[in-house]
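Trainee: I need the structure of the sequence given here:
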Amino acid sequence: MGPETGYAWDFKNFDELWEAFRDQYQYALSLVIRAKDVTRYWEGRMLQMPFVSSIDDGCMELGDEACSLSEQPNGWHNPITTIVAANSLVAIKKLIFEENKYTMKQLMDALRANWDGYEEMRKDFKNAPKWGNDDEYADTLIRKFYEDIIGGEMKKVTNYSGGPILPVGQAVGLYMEIGSRTGPTPDGRYGGEAADDGGISPYMGTDKKGPTAVLKSVSKVQQNQKANLLNQRLSVPIMRSKVGFDIWKAYMDTWHDLNIDHVQFNVVSTAEMKAAQREPEKHQDLIVRVSGFSARFVDIPTYGQNTIIARTEQSFGADDLKFLNAKL
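Mentor: As a prediction, the model looks like this:
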């Protein structure tokens, strides 16, 4: 399926892999947008919403049904597993095409085995530079990935409403569903593990340089984007301290100044969530932000609970507070 872009083990350099990925992505994206266009066409004819139409000014003025109204082109599309793919490309570039530590065939063999028997190799790919650490090597490639491939290829597509497509990465619950049926990936992820949980969030537990390093990485992606979700879990003791609000306010001021679109928070400890897993009847009021929606923690399947626990609980060190210009 898809365009003929050759065999992965035949790529002579990273640029050939990059362009092959672009071709495959454009092909799949075009199919997805066409499918969305077909559903929008039939929604307006088979799934009319008279009540919604009656309270929408545009529908009333134009005499059009809500599902058919296209006066404002719905130009967003929600890419999933973007950071898994981006981190994978970083690892491939570094370990295969630059350091020549492994070959593409060795990587493909390891992935077919779900890394079983390739533990040291998996460790190398997992420890390759990752998004969210203000790492220039990773961030340069991933910024290009977002702006040139994800957003750049999307904007070439015109949708049913007559407008270009732009990415609005908000994984909602799909990062669990899609991750559960996605095979192993070159970022060191095992098959079946969850995908990245936002639209531009670091992969769970791989952001190790603090909250401002995450902001710095995310702020580098600016072109050909609409809005991508960043999930962050903040330290409970710090946020509940007497200076907690001041630190959070400084964080949000910096977030705004860096022109980042969308951020959502959890302020809940690992200990509390694990206690809720052991004795859910005692933690019925524990609310968490999943990815674009909130839910009672005890109502989320264990698989999903573990993805929230795995998110880095961000503390604020001296360098973070200096960067935020926090007035404490």
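Trainee: list the buried ones in stretch 300-313?
Mentor: 300, 304-313 (16 or more other Cβ atoms under 10 Å). Backbone N, C-alpha and C define where each C-beta goes, glycine included.
Trainee: Centroid-nearest residue for the protein?
Mentor: residue 199 (2.9 Å; Cα atoms, centre = their mean).
Trainee: And that residue, how close does it get to residue 110?
Mentor: 28 Å (Cβ to Cβ, to the nearest Å).
Trainee: Same check on residue 180?
Mentor: Counting by Cβ to Cβ, the gap from residue 180 to residue 110 is 21 Å.
Trainee: number of nearby residues for the residue nearest to residue 308 when sequence neighbours are not counted?
Mentor: In space, and not counting its chain neighbours, residue 308 is closest to residue 288: 5.6 Å by Cβ to Cβ, 6 or more residues apart in numbering. If you count neighbours by other Cβ atoms under 10 Å, residue 288 ends up with 21.
Trainee: Residue 288: what secondary structure?
Mentor: Three-state assignment for residue 288 (DSSP: H, G, I helix; E, B strand; the rest coil): strand.
Trainee: Now do the contacts for it.
Mentor: Neighbour list for residue 288: 266, 268, 273, 294-295, 297, 300, 308 [criterion: Cβ atoms under 8 Å, 6 or more residues apart in numbering].
Trainee: Among the residues you listed, which ones are in helices?
Mentor: 273, 308 (DSSP state H).
Trainee: what bridges to residue 76?
Mentor: On the basis of DSSP bridges, residue 76 is bridged to residue 166.
Trainee: Okay, now the unreliable bits of the stretch 101-250 of the chain?
Mentor: Nowhere does the stretch 101-250 of the chain drop to pLDDT under 70.
Trainee: let's see it at 90
Mentor: 158-166, 171-173, 225-227 (pLDDT under 90).
Trainee: all helices of it, in order?
Mentor: 104-112, 119-126, 136-144, 151-154, 174-180, 211-219, 236-239, 244-257 (DSSP state H, counting those that start in this stretch).
Trainee: List the buried residues for the fifth one?
Mentor: Read it as helix 174-180. So for helix 174-180, counting by 16+ other Cβ under 10 Å, buried means 174-177, 179.
Trainee: same question, the last one
Mentor: When neighbours are counted by 16+ other Cβ under 10 Å, the buried residues of helix 244-257 are found to be 244, 247-248, 250-251, 254-255.
Trainee: and it with helix 211-219, angle?
Mentor: On the basis of axes from the mean of the first three to the mean of the last three Cα atoms, to 10 degrees, helix 244-257 is oriented at 20 degrees to helix 211-219.
Trainee: what about helix 244-257, distance to the chain center?
Mentor: 22 Å (Cα atoms, centre = their mean, to the nearest Å).
Trainee: Extract the C-alpha set from stretch 163-173 and format it as CSV.
Mentor: Provided in CSV are the C-alpha atoms of stretch 163-173 (Å, rounded to 0.1, in the frame of the first residue of the first chain):
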residue,chain,number,x,y,z
GLY,A,163,-9.5,26.0,3.0
PRO,A,164,-6.0,24.6,3.6
ILE,A,165,-5.4,22.0,6.4
LEU,A,166,-3.3,22.8,9.4
PRO,A,167,-2.3,20.6,12.4
VAL,A,168,-4.2,20.9,15.7
GLY,A,169,-2.5,18.1,17.6
GLN,A,170,-4.7,17.1,20.5
ALA,A,171,-4.5,13.4,21.2
VAL,A,172,-7.5,13.2,23.5
GLY,A,173,-7.8,9.5,24.3
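Trainee: Where do the strands of the stretch 201-328 of the chain begin and end?
Mentor: 229-234, 262-266, 287-289, 294-296, 313-314 (DSSP state E, counting those that start in this stretch).
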